[in-house]
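Colleague: Any chance you could fold what I've pasted below:
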Amino acid sequence: MSEPDFSDYVQTLATSLTIDALIVTFIFTALTLVVVETPDVANILVQATLLVLMVAFSFALLSLGIIDMRTQMLRPKLKARPPYTPGWRFHNLLFFPSMFLMNISVVLMMFYRELTILGSISTAIVVLTFAVYLRYISWYRLKRSQNK
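Modeller: Alright, predicted model coming up:
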């Protein structure tokens, strides 16, 4: 029996990772522009827009993290895989903190513009997103260990 070929799946994950990274970048830019360029951030419509963008940003980062984690977990199963280089380890080391810092920077922008309630809600969204991410990682690793 031959080993399964994951090349199509890896290509799909790579495409999804690229698209999701582009979406995260777009949402981060939109959030920054709304926070910085809007003269009246006390307007309820502006705050609703910021809240929707923050939720979208957190979900997109969560999706990006899950896709990246699946790519990392799948790597040992590939027949033709690149060597595990220091650059690969450096990526693994920096991915989680960079996700966290991107989320926190948006929260700090809201507190900077004195949007205390929106900043507090955004903080709760960030904490919830990272709890879901960490829970998903532990569930996925447990599932993989049971399938071995």
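
Colleague: give the contact list for Asn103.
Modeller: Listed by CB atoms under 8 Å, 6 or more residues apart in numbering, the contact partners of Asn103 are 57-58, 61, 126, 129-130. Backbone N, C-alpha and C define where each C-beta goes, glycine included.

Colleague: can I assume Thr49 is in contact with Val35?
Modeller: No: when contacts are counted by CB atoms under 8 Å, Thr49 is not listed as touching Val35 (10.2 Å).

Colleague: who's more crowded, those two?
Modeller: The neighbour comparison of Thr49 against Val35 (other CB atoms under 10 Å) goes to Val35, with 19 against 15.

Colleague: ok, the more buried one - contacts?
Modeller: Residues counted as contacts of Val35 (CB under 8 Å, 6+ apart) are 41, 50, 109-110, 112-113.

Colleague: Identify the farthest-apart pair in these.
Modeller: Across the contacts of Val35, the longest distance by CB to CB is 12.5 Å; it joins Leu50 and Tyr112.

Colleague: what mean pLDDT does the helix or strand hosting Leu62 have?
Modeller: For Leu62, the element it lies in under DSSP states H and E is helix 44-74. For helix 44-74, the mean per-residue pLDDT is 89.

Colleague: next helix or strand past the lowest-mean-pLDDT helix or strand in the chain?
Modeller: Ranked by mean pLDDT, DSSP states H and E, the weakest helix or strand in the chain is helix 86-112, scoring a mean of 85. With elements assigned by DSSP H and E, the helix or strand that comes after helix 86-112 is helix 116-147.

Colleague: If you compare the directions of that following helix and helix 86-112, what angle comes out?
Modeller: Calculated by axes from the mean of the first three to the mean of the last three CA atoms, to 10 degrees, helix 116-147 forms an angle of 150 degrees with helix 86-112.

Colleague: hang on, Tyr9 packs against Arg70?
Modeller: No: using CB under 8 Å, Tyr9 makes no contact with Arg70, being 9.1 Å away.

Colleague: Buried residues in the helix holding Leu62, which are they?
Modeller: Neighbour counts over helix 44-74 (16 or more other CB atoms under 10 Å) mark 46-47, 50-51, 53-54, 56-70 as buried.
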